[in-house]
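Undergrad: I would like to see how this sequence folds:
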Amino acid sequence: MTGHFDQTGFVPLNIAVLTVSDTRTEETDKSGRVLQEGAEEAGHKVVEKVIVKDDVYQMRAIFSRWIADPDVHAILSTGGTGIASRDSTPEAVIPLLDKPIEGFGELFRAVSMEEIGASAIQSRAFAGLANQTLIFCLPGSTGACRTGWSKILQPQLDHRTRPCNFAQMFRA
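TA: As a prediction, this is how the structure comes out:
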């Protein structure tokens, strides 16, 4: 796409934030708040923030609604990406993807390795594209959300990041 590095300044995206948890409430949802505040501080618009139980069908309903909404450019989710018996975000979301973004999970685990060592192998963080909506699924820990936001998502959701970025899919 030519011209995507022009001097137009920052182009805000519409972002939806989903926390997957059987126990979190708005008051205790620190990880979802990290993603919401990170997006807003960067200049993006958080169009909706929801907490959902770790249930495949409840998650799919919310993801599907946002994927079908042309005003939602990206979905950031936290939780349900581990290996515990209730962790089912990948099982809920991967069937909805048109294209996986394999490098996201690989990069997230590599960056996490620097912070938490070999425990990073337990993360099933992943990303993909569905109906031209970017989807990024992060672990439920606050630290993982800070890492994912600051080291990967913030620069990749800014169309000024070179040599390429995810935001260039959307024109102002």
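Undergrad: any chance you could map the helices in this structure?
TA: In the chain, the segments counted as helices under DSSP state H are 30-42, 56-68, 89-93, 102-116, 142-148, 154-156.
Undergrad: Extract the C-alpha trace of the first one and format it as PDB.
TA: What follows is helix 30-42 as a C-alpha-only set of coordinates in PDB (Å, rounded to 0.1, in the frame of the first residue of the first chain):
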ATOM      1  CA  LYS A  30      -6.600  -5.200  36.100                       C
ATOM      2  CA  SER A  31      -5.500  -6.900  32.800                       C
ATOM      3  CA  GLY A  32      -8.400  -5.600  30.800                       C
ATOM      4  CA  ARG A  33      -7.800  -2.100  32.300                       C
ATOM      5  CA  VAL A  34      -4.100  -2.300  31.200                       C
ATOM      6  CA  LEU A  35      -5.200  -2.900  27.600                       C
ATOM      7  CA  GLN A  36      -7.900  -0.300  27.700                       C
ATOM      8  CA  GLU A  37      -5.700   2.400  29.200                       C
ATOM      9  CA  GLY A  38      -2.800   1.500  26.900                       C
ATOM     10  CA  ALA A  39      -5.000   1.900  23.800                       C
ATOM     11  CA  GLU A  40      -6.600   5.100  25.000                       C
ATOM     12  CA  GLU A  41      -3.300   6.600  26.100                       C
ATOM     13  CA  ALA A  42      -1.900   5.800  22.600                       C
END
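Undergrad: Go ahead and name everything in contact with that helix.
TA: Outside of helix 30-42, the residues within contact range by Cβ atoms under 8 Å, 6 or more residues apart in numbering are 15, 17-19, 24, 46, 49, 51, 76, 78-79, 138, 140-142, 144-146, 149-150, 153-154, 157-158. For the C-beta atoms, the positions are set from N, CA and C on the backbone; glycine is no exception.
Undergrad: again, 7 Å this time
TA: 15, 17, 19, 46, 49, 51, 76, 78-79, 140-142, 145-146, 149, 154 (Cβ atoms under 7 Å, 6 or more residues apart in numbering).
Undergrad: right, and the helices of the chain - which one's nearest Ala127?
TA: helix 102-116 (3.5 Å; Cβ to Cβ).
Undergrad: Number of residues surrounding Ile75?
TA: 23 (other Cβ atoms under 10 Å).
Undergrad: That one reaches Ser64, doesn't it?
TA: No - here Ile75 does not reach Ser64: they are 10.7 Å apart, not a contact under Cβ atoms under 7 Å.
Undergrad: How about the contacts made by Asp87?
TA: With Cβ under 7 Å, 6+ apart, Asp87 has these contacts: 54, 80-81.
Undergrad: Thanks again, I'm all set now.
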